[in-house]
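J.: please work out how this folds:
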Amino acid sequence: MEYKYVARDTGGRRVTGVIEAPNPRVVARELRSQGLYPLSVAPKRPGLTIPLPFLDRVPLKQVALFTRQVAAMIGSGIPLPAALGTVAEQVKNKRLRQVLRDVKEMVEGGEKFSEALSKYPKVFDRLFISMVEAGEATGNLDVMLNRYFTYVEKVLALRRKVVTAMVYPTVVLVLAIGIVAFLLIKIVPTFTALFKEAGVELPALTLFIINLSTFLKTNFVYIFWGLVAFFALFRFSLRNENVRRAYDRVKLRMFVIGPLFRKVSVARFSRTLATMVKSGIPILDALDIIAKTSGNKVIEEAVLKARLEVARGESLSKTLKELGVFPSMVVEMMAAGEQTGALDEMMDKVADFFEDEVDAAVAALTSILEPLMLIFLGGFIGLIVIALYLPIFKMAATIK
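T.: Predicted structure coming up:
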């Protein structure tokens, strides 16, 4: 019988193929003899297979929970392979469960934990792998895993704050567009027919609303698919570095929400730097990882420029001050940390401060956007109502 397999080679590359064997165990044994680690083995079935790359990802929260469980178990004296096996059977995410089983097998085969994890870059980020390497080198793997869990908790909390800030205005905006579209497509045409029947002369405002309604109703399909195409093209264009840089720069300077994004970026940078310095990761490696995980092209390029200067012997605080991307408070506290040898503590304090600032910014953003959205919605609906009733008042006056 033919079996289709998915495996990884010693370099972490994904390998697929077909092997003829009596059962899946023989296939797995054959793959191991070739230096491959089997990920899945299934009978070959005819038909179309559609690759779904997003299924290869695991939510960060799931990875964090796994690190906490493994840290607790190895901290209690349970061997790492046994801890991995136990946790693998408990996790709900199927992809993570399979990965942990594979990692356990590699560790039992003599590979380092960090090396096994590095073969799954879509599941475990560079920060996590670097911290595991530091834990293996110092013999404090459980401490590093707990530290990573704490870090991820704070990162996810920060992410939730941003989502909270954006959900309300987005929902109100969508609702407003929906209500206005309904009025223009369904209600206004009813009044248009009435006015045509009455033969009344229409005010300029009413004509504008009727023409807008006619245009929207006639071209609704084109407008809808045009917007879909625009957003799809926009998302695709963000893959271009120049477009991404311009977009991220605008995002940091936008009215009202720009300061929020900047505070989030500073908080994340500070928290990540503090965690990595505390874990004993070399500053150049730390800056490289921070740049790649910043989520903002402007911040990424600033950190990479700073890394080059630090490699030449300049202090990080001096370099960041010259670049002018981060607030002066961050630079001053970083300089104090460098002078006292307590950079990790200072960066933790900076992160705490800016996380509190994000809380305040979210509250302020909600309080500003709520009335603005209501004014916009009420104003446009009011405009439509006035436009429709002006001819009616005129008709009533004529009858009198």
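
J.: where is the longest helix in this protein?
T.: helix 343-399 (DSSP state H).

J.: which strands or helices does that helix pack on?
T.: Contact here means 3 or more CB pairs under 8 Å, 6 or more residues apart in numbering; DSSP states H and E; on that basis helix 343-399 packs against helix 141-182, helix 188-198, helix 204-218, helix 258-278, helix 328-340. C-betas here are computed from N, CA, C, even on glycine.

J.: mean pLDDT, mean neighbour count and distance to Ala306 for those - can I get that in TSV?
T.: TSV is the format used below for those (pLDDT from 0 to 100; neighbours: other CB atoms under 10 Å; distance: least, CB to CB, whole Å):
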stretch	mean pLDDT	mean neighbour count	distance to Ala306
helix 141-182	87	16	21
helix 188-198	84	14	57
helix 204-218	90	16	51
helix 258-278	90	23	11
helix 328-340	92	17	11
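
J.: okay, those in TSV with distance to Ala134 next?
T.: Converted to TSV, the helices and strands packed on helix 343-399 look like this (distance: least, CB to CB, whole Å):
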stretch	distance to Ala134
helix 141-182	6
helix 188-198	66
helix 204-218	59
helix 258-278	9
helix 328-340	19
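
J.: so which of those helices gets nearest Val58?
T.: Nearest of the helices and strands packed on helix 343-399 to Val58, taken as CB to CB: helix 141-182 at 12.4 Å.

J.: between that closest one and helix 258-278, how many degrees?
T.: Comparing the axes of helix 141-182 and helix 258-278 via axes from the mean of the first three to the mean of the last three CA atoms, to 10 degrees yields an angle of 170 degrees.

J.: other SSEs contacting helix 141-182?
T.: Applying 3+ CB pairs under 8 Å, 6+ apart, we find helix 141-182 packed against helix 60-75, helix 126-138, helix 258-278, helix 343-399.

J.: show me where pLDDT drops low in the stretch 1-150 of the chain?
T.: In the predicted model, the stretch 1-150 of the chain carries pLDDT under 70 at residues 1, 21-22, 45-57.

J.: quick one: the strands in it, in order.
T.: Taking DSSP state E, counting those that start in this stretch as the test, the strands found in the stretch 1-150 of the chain are 2-8, 14-20, 37-43.

J.: mean neighbour count and distance to Glu370 added to these, as a markdown table?
T.: What follows is the strands of the stretch 1-150 of the chain, written out as a markdown table (neighbours: other CB atoms under 10 Å; distance: least, CB to CB, whole Å):
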| stretch | mean neighbour count | distance to Glu370 |
| --- | --- | --- |
| strand 2-8 | 18 | 50 |
| strand 14-20 | 13 | 48 |
| strand 37-43 | 16 | 49 |
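
J.: looking at those strands, spot the one closest to Ser118.
T.: Of all the strands of the stretch 1-150 of the chain, strand 2-8 sits nearest to Ser118, with 10.9 Å by CB to CB.

J.: show me what the closest one is in contact with.
T.: Residues outside strand 2-8 that contact it (CB atoms under 8 Å, 6 or more residues apart in numbering) are 14-21, 24, 27, 31, 36-44, 102, 119.

J.: appreciated, that's everything.
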